[in-house]
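J.: task: produce atomic coordinates for the following.
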Amino acid sequence: MAQFLRKTTKATIGVLTAGSLAACSFEPPLRLPSAPTDKTPYTANSAPEKTLFTSGRAGTGQQFLYGKTLDGEWWQLFHSSALNALVATGLQNSPTVAQAQAQLKEAEASARINASIFYPQVNGTLQANRSKASAAAFGGNKGGFHYSLITGSLDVTYYPDIFGVNKLVYRNSEALVQYQRWELEAARLTLSGNIVTAAVNAAATQAQIAATHSIIAHEHELLTLTENQYRAGAVPYLNVVNQQSQLAGQMATLPPLEQQLSVYRHQLAILVGEFPAQSRIPQFRLASITLPGKIPVSLPSTLLKQRPDIQAALAQMKAANAKIGEARAQFYPTVQLSAAIGSTASQPGLFFNPFSSIWSLVGSLAQPIFQGGKLEAQESEANAAYEVTYQQYRATVLGAFEQVADSLRALEHDAETLKAEEESLGAARQALKLSEASYRAGAIDYLSLLASQIQYSTAKIAVVRAKSQRYQDTAALLVALGGGWWSGQPAVAEPPEPVQMKASSPIPAHD
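T.: All right, here's what the predicted structure looks like:
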């Protein structure tokens, strides 16, 4: 009997192994939307090659290097050690990044759980029993007798992957791991972008505060001049009141700016994972941040590989595609093999006696016959879920190209805006000097001087905002291009493409 069992087991394993090798995959070929070619421009009409330049760090003429990719962490292009340190702190301490890391570990553990189905499941049991039997059951009239029973067994269960269901479940888990890896890169990219943007906003607000203080000091001087002219009888008291009103109006713009600066500094503290009261956020100045002059712009095909959100959307499509295969495989039989070997004895000394051995070998096959339409509905659900991820992928790709196109045009127009604003500021500064000289000489009235003051104040703040916008849009472009996360670390491995095999004449169920 033992010899027959060994032969039967070998034959069964051989048949199942051959069936597994000939097993089919019900996963359909991955369907992807048409991708842009490297000749596809990002922007309508001709793409910008370079921008205008003016004076100062914020006036750098920028050049777009198409076909080049970032060879380092993108924020280092601003050449600010304080900014580099802040981003490094954020990447290390941010709860958002830590959450993404934990989600990746969770997905990897789930994949390992699903991978265990490829191996036999082995369990050992040991049971000891002490019982009393009734003597009356055997025709006796005594109090019965006591006996012991010791049983130990080793159970093995195995699910042969005849039709590739186990493989499909694992492929789904594998795709979800890839998705979480890309989500981690996306979280890092988003965090670094938010930190740079908040730091630039803080620096711009600080510059506006400094400009406002300068304007207020100038207004104080004009108020003193107007009061002296009034005392000398050269101007009416209305001019003094008007200048006091102008000064008060300028001073009223300071609290909102200081509040906005506090908001940006608090935002930076949270982004780096610290409480606002305990953080040590440096004072950022626009003059200490260099505007990148040469910006590498990836080709469209490269952008698809570099953008973490696009790759995450692709991983979701692969997971949904595997789900379709799982749903289709439910129409076909499932096979389970179970085996057990052990020993049972009334005394410990007899436990290892060959006469105490027990064994069993069970094979089962389950074929769905009628499920009330459930299996077809599950397949329809899987196909619809794939269509959802397909359209999400399309939307993500289109959104990425929109962001790059918007940022390229924004930098082109930002440079033009800054040049115009600086010319306007120069004219306003000259007009104010002439107006002040004419006012002292009594050649113009106070309203003319006031108009020059307002024009100068507006122009000075506009220049600060134009400079800030160039930094912000530069950061937006570098983030839109993928941020250079691949530099200095291995790229996320792509899961293998599904291999389509022919079925070995399986018998489908009638749902």
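J.: the helix or strand bottoming out on mean pLDDT in the chain: what's the following helix or strand?
T.: Every helix and strand of the chain was ranked by mean pLDDT, DSSP states H and E. The lowest is helix 2-21, at a mean of 42. Using DSSP states H and E, the helix or strand that follows helix 2-21 in sequence is strand 63-66.
J.: run through who's touching whichever helix or strand comes after that following strand.
T.: As assigned by DSSP H and E, the chain's next helix or strand after strand 63-66 is helix 81-93. Helix 81-93 is contacted from outside by 73, 75-76, 97, 188, 191-192, 195-196, 199, 268, 271-274, 281-282, 284, 288-289, using Cβ atoms under 8 Å, 6 or more residues apart in numbering. In short, each C-beta sits where N, CA and C put it, glycine included.
J.: tell me where the stretch 301-450 of the chain has strands.
T.: When assigned using DSSP state E, counting those that start in this stretch, the strands of the stretch 301-450 of the chain occupy the ranges 334-345, 357-366.
J.: relative to T60, which of those is closest?
T.: strand 334-345 (66.1 Å; Cβ to Cβ).
J.: what about the closest residue in space to Q347 that isn't next to it in sequence, which SS state?
T.: Excluding the flanking residues, the one nearest Q347 by Cβ to Cβ, 6 or more residues apart in numbering is S148, at 6.9 Å. Applying DSSP: H, G, I helix; E, B strand; the rest coil to S148 yields a three-state assignment of strand.
J.: save the strands of the stretch 301-450 of the chain as a markdown table, and put in distance to E387 and mean neighbour count too.
T.: A markdown table is the format used below for the strands of the stretch 301-450 of the chain (distance: least, Cβ to Cβ, whole Å; neighbours: other Cβ atoms under 10 Å):
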| stretch | distance to E387 | mean neighbour count |
| --- | --- | --- |
| strand 334-345 | 28 | 17 |
| strand 357-366 | 31 | 12 |
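J.: how about low-confidence regions in the stretch 301-450 of the chain?
T.: In the predicted model, the stretch 301-450 of the chain carries pLDDT under 70 at residues 349-351.
J.: repeat that for the stretch 51-200 of the chain.
T.: 135-144.
J.: so who does Q259 touch?
T.: So Q259 contacts nothing (Cβ under 8 Å, 6+ apart).
J.: now it: how far from I113?
T.: 51 Å (Cβ to Cβ, to the nearest Å).
J.: ditto for G293
T.: Applying Cβ to Cβ to G293 and I113 gives a distance of 51 Å.
J.: what do you get for S134?
T.: 48 Å.
J.: you'd agree F401 is up against S298?
T.: No. Judged on Cβ atoms under 8 Å, F401 makes no contact with S298 at a distance of 11.4 Å.
J.: neighbour count winner among these two?
T.: The residue with more neighbours, out of F401 and S298, is S298; 24 against 20, by other Cβ atoms under 10 Å.
J.: go ahead and confirm that one touches R307.
T.: No. Using Cβ under 8 Å as the test, S298 is too far from R307 to be in contact (9.2 Å).
J.: can you list residues touching both of these two?
T.: With Cβ under 8 Å, 6+ apart, S298 and R307 have common neighbours G482.
J.: relative to S356, how far out is L149?
T.: On the measure of Cβ to Cβ, L149 and S356 end up 11 Å apart.
J.: now do the shared contacts for these two.
T.: Here L149 and S356 share the contacting residues T344, A345, scored by Cβ under 8 Å, 6+ apart.
J.: quick check: buried residues in stretch 230-246?
T.: Y230, V235, N239, V240, N242, Q243, Q246 (16 or more other Cβ atoms under 10 Å).
J.: which SS state does L126 fall under?
T.: Quick answer, by three-state DSSP: L126 is strand.
J.: what about the nearest residue to it once chain neighbours are set aside, which SS state?
T.: Excluding the flanking residues, the one nearest L126 by Cβ to Cβ, 6+ apart is G152, at 4.6 Å. Three-state assignment for G152 (three-state DSSP): strand.
J.: please report how far G152 lies from V196.
T.: Counting by Cβ to Cβ, the gap from G152 to V196 is 65 Å.
J.: what does H213 give?
T.: In terms of Cβ to Cβ, H213 sits 26 Å off from V196.
J.: one more: R112?
T.: R112 is 37 Å from V196, by Cβ to Cβ.
J.: you'd agree Q101 is up against L184?
T.: Yes. The pair Q101 / L184 is scored as a contact, 6.1 Å apart, by Cβ under 8 Å.
J.: who's more crowded, those two?
T.: Counting neighbours by other Cβ under 10 Å for Q101 and for L184 shows that L184 has the greater number, 21 against 14.
J.: that one contacts A100, correct?
T.: Yes. Under the criterion of Cβ under 8 Å, L184 makes contact with A100 at 4.2 Å.
J.: more crowded one of L149 and S356?
T.: Each of L149 and S356 has its neighbours counted (other Cβ under 10 Å); S356 has more, 17 against 13.
J.: tell me the centre residue of this structure?
T.: A186 (2.7 Å; Cα atoms, centre = their mean).
J.: can you tell me how far the residue nearest to it when sequence neighbours are not counted is from W485?
T.: Leaving aside its sequence neighbours, A186 sits nearest to P308 (Cβ to Cβ, 6+ apart; 3.9 Å). From P308 across to W485, the span is 7 Å (Cβ to Cβ).
J.: contact partners for the closest residue to S110 other than its chain neighbours?
T.: Nearest residue to S110 in three dimensions, chain neighbours excluded: S173, at 5.7 Å (Cβ to Cβ, 6+ apart). Taking Cβ under 8 Å, 6+ apart as the contact definition, S173 lies against A107, S110, A111, I113, N114, A115.
J.: what is the nearest of the residues you listed to I369?
T.: N114 (27.3 Å).
J.: what's the burial count for that closest one?
T.: N114, neighbours per other Cβ under 10 Å, totals 18.
J.: and what of the one 3 residues further on?
T.: In terms of burial, I117 registers 15 neighbours under the definition other Cβ under 10 Å.
J.: how about it: what's its closest non-neighbour residue?
T.: In space, I117 is closest to N166, 4.7 Å off (Cβ to Cβ, 6+ apart).
J.: assess the claim that A345 and S357 are in contact.
T.: No. Judged on Cβ under 8 Å, A345 makes no contact with S357 at a distance of 9.7 Å.
J.: and the residue lying closest to G325 once chain neighbours are set aside, how far from A44?
T.: Spatial nearest neighbour of G325, excluding adjacent residues (Cβ to Cβ, 6+ apart): E27 at 3.3 Å. As judged by Cβ to Cβ, E27 and A44 stand 39 Å apart.
J.: who has more neighbours, those two?
T.: E27 (23 against 8).
J.: gap between the more buried one and Y386?
T.: The gap separating E27 from Y386 is 11 Å, by Cβ to Cβ.
J.: okay, and the common contacts of those two?
T.: What both E27 and Y386 touch, as defined by Cβ under 8 Å, 6+ apart, is the set N321, I324.
J.: ok but W485 is inside a helix, no?
T.: No. Read with three-state DSSP, W485 is coil and lies in no helix.
J.: and it, how many neighbours does it have?
T.: Neighbour tally, W485, other Cβ under 10 Å: 22.
J.: quick one, what contacts it?
T.: E185, R188, L189, Q306, P308.
J.: try it again at 10 Å.
T.: If a contact means Cβ atoms under 10 Å, 6 or more residues apart in numbering, then W485 has 70, 73-74, 182, 184-186, 188-189, 192, 306-308, 491-492 as its contacts.
J.: how much space separates the residue nearest to Q367 when sequence neighbours are not counted from A366?
T.: Sequence neighbours aside, P333 is the residue nearest to Q367 in space, at 4.4 Å (criterion: Cβ to Cβ, 6+ apart). For P333, the distance to A366 (Cβ to Cβ) stands at 6 Å.
J.: over to P292?
T.: In terms of Cβ to Cβ, P292 sits 63 Å off from A366.
J.: next one: K419
T.: Distance from K419 to A366, by Cβ to Cβ: 76 Å.
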